[in-house]
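>>> Next comes the sequence, and after it the predicted model I'd like to discuss.
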Amino acid sequence: MNDLSDPALMDAVRLSLVSGVGPILRKALIDRFGSATQVLNAAMSDVREVQGFGPKLAKAIAAARSEIDAEREVAICRDEHVQIVTDQDPAYPRALLEIPDPPGLLFVRGEIKPQDAIGVAIVGSRHATSYGRTIAERLASSLARAGVTIVSGLARGVDAAAHRGALEAGGRTIGVLGSGVLNIYPPEHAELALDVIQSGAIVSESPPRSPPISGAFPQRNRIITGISMGVIVVEASDRSGALISARHAMEQNREVFAVPGRVDSRMSRGCHRLLRDGAKLVETADDVLEELGPLVSPAPSADGQAVHHPAELLLNDLEQKVLSAIGSDPTQVDQVVSECGVPVPQVLSTLSVLEMRRLVRRVSGNLVRRV
């Protein structure tokens, strides 16, 4: 966690609170001056040389130190155990740095871990049908068991079902809010938010007590897709916000998946349109895992070592040892036991775990192979 007494962090918070300076303009300022502190120390004439800055914005930046109470926001974070993660922090999601308009900082309750780099967003209608909620929960549960972090927006309908599916599977999940992390919206999801915090994190680029503002929700969708490898749209009407997420994903070079629905359902129109436009059709979690293909471990200690399945990142030493003893061609269980040097019951129970995580498959009673 960042040192909340660090003056540089205080300036980063202060710059983020300047009205009218969004992520793209902030990035332009940092590119020009080097840091938030140097931006706030810059002369108005120098700020006006940056594209997009007229006299009004330049004046707001010059007045930021005297008019913006960043100390208050930082004190709230300290008292409420909210982390402030800047784009210079190792905990900042690496994938977010790749998008055109990354947030300068994130307010976080819970913990973002390196393994969350292998994340998939599941989004859809707030007015989801029973079919949509069931599919979202099922997909989230299956992907979470495979080691994928489920990302969504903590909204009603599909989002809530996705978070719950990940939680029921004992997996990790991240909720990206359009309000502050201390002002959960919708309010009836306060308990769900606490569960998400225990198994992942809730994050926002807005100050912790910010109210939900309609314009903030489309903006937060770029973060949902930005921290994910791909996005699955489960149900969406013609004007659904989930289609905004799909557009963000395409612009960010992320994979876009869609679940087909009933041809006579209004909630299927958006998904069917995405499928006509080239989105990948999803029936099961395997469709997503196969499309994402070989992945790269985000853990610094892994040295960028390629893995073939996200669940490999979650294996303990014994599970890794057993998996390494199995080839892509059918392998005798006796050979696995001999190579691992552990008792037969331990190998058999470990094989069951690897099967459940879809890393190996039994070919016959005594033959297994790596998926």
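Arrived safely. Numbering: from 1, shown residues only.
>>> Show the average pLDDT along the single longest helix found in the chain.
Secondary structure of the chain per DSSP state H: the longest helix is helix 130-145. For helix 130-145, mean pLDDT rounds to 96.
>>> Is V256 in a helix, a strand, or coil?
The three-state assignment at V256 reads strand, by DSSP: H, G, I helix; E, B strand; the rest coil.
>>> and the spatially closest residue to it that is not a sequence neighbour, how many residues sit next to it?
Ranked by C-beta to C-beta, 6 or more residues apart in numbering and with sequence neighbours excluded, the top spatial neighbour of V256 is A279, at 4.5 Å. The way it works is simple: take the backbone N, C-alpha and C, and place the C-beta from them, glycine included. Using other C-beta atoms under 10 Å, the number of residues around A279 comes to 23.
>>> for M356, same thing?
M356 has 12 neighbouring residues, counting by other C-beta under 10 Å.
>>> just to revisit the earlier point, ok, and what's touching the helix or strand following the longest helix of the chain?
Using DSSP states H and E, the next helix or strand after helix 130-145 towards the C-terminus is strand 149-152. With C-beta atoms under 8 Å, 6 or more residues apart in numbering as the test, strand 149-152 has contacts from 115-116, 118-123, 140, 143-144, 158-160, 162-163, 165-166, 171-176, 200, 224, 227-228.
>>> redo that, cut-off 6 Å
116, 119, 121-122, 140, 144, 159, 162-163, 166, 172-174, 224, 228 (C-beta atoms under 6 Å, 6 or more residues apart in numbering).
>>> Which other helices and strands does the longest helix of the chain contact?
strand 119-123, helix 158-168, helix 285-292 (3 or more C-beta pairs under 6 Å, 6 or more residues apart in numbering; DSSP states H and E).
>>> residues of it that come out buried?
By 16 or more other C-beta atoms under 10 Å, the buried positions in helix 130-145 come out as 131-133, 135-145.
>>> Kindly present these as a markdown table, with separate columns for distance to L57.
Below are these laid out as a markdown table (distance: C-beta to C-beta, whole Å):
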| residue | distance to L57 |
| --- | --- |
| Y131 | 48 |
| G132 | 42 |
| R133 | 44 |
| I135 | 45 |
| A136 | 41 |
| E137 | 45 |
| R138 | 48 |
| L139 | 43 |
| A140 | 41 |
| S141 | 47 |
| S142 | 47 |
| L143 | 42 |
| A144 | 43 |
| R145 | 48 |
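>>> The residue nearest to V256 contacts R254, doesn't it?
No. Between A279 and R254 there is no contact under C-beta atoms under 6 Å: 11.3 Å.
>>> tell me which of the contacts of strand 149-152 is nearest to D79?
Within the contacts of strand 149-152, the smallest distance to D79 is 23.2 Å, found for I174 (C-beta to C-beta).
>>> Who are the contact partners of that closest one?
V151, G200, A201.
>>> Strands of the stretch 1-150 of the chain, start to end?
83-86, 105-110, 119-123, 149-152 (DSSP state E, counting those that start in this stretch).
>>> and these as JSON lines, adding distance to E205?
As requested, the strands of the stretch 1-150 of the chain are exported to JSON lines (distance: least, C-beta to C-beta, whole Å):
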{"stretch": "strand 83-86", "distance to E205": "10"}
{"stretch": "strand 105-110", "distance to E205": "6"}
{"stretch": "strand 119-123", "distance to E205": "16"}
{"stretch": "strand 149-152", "distance to E205": "15"}
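>>> now those as CSV including mean neighbour count?
What follows is the strands of the stretch 1-150 of the chain, written out as CSV (neighbours: other C-beta atoms under 10 Å):
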stretch, mean neighbour count
strand 83-86, 21
strand 105-110, 25
strand 119-123, 30
strand 149-152, 30
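>>> if we compare the ones you listed, which one ends up closest to G241?
Comparing those by C-beta to C-beta, strand 119-123 comes nearest, at 7.8 Å.
>>> Pull up the pairing partners for the closest one, direction included.
Strand pairing for strand 119-123, determined by DSSP bridges: strand 149-152 (parallel), strand 230-233 (parallel).
>>> got the contact list for the last one?
To tie it back to what came earlier, the one meant is strand 230-233. Contacts for strand 230-233 (C-beta under 6 Å, 6+ apart): 120-124, 225, 242, 245-246, 249, 254-258, 271, 274, 282.
>>> what element comes up after it heading to the C-terminus?
helix 241-251.
>>> pLDDT averaged over that following helix - what is it?
89.
>>> Show me how the record splits this structure into domains.
Under automatic domain parsing, the residue ranges defining each domain of the chain are 7-80, 110-292, 315-370.
>>> now these in TSV, with distance to L96?
Listed next are those as TSV, based on distance: least, C-beta to C-beta, whole Å:
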stretch	distance to L96
domain 7-80	10
domain 110-292	5
domain 315-370	27
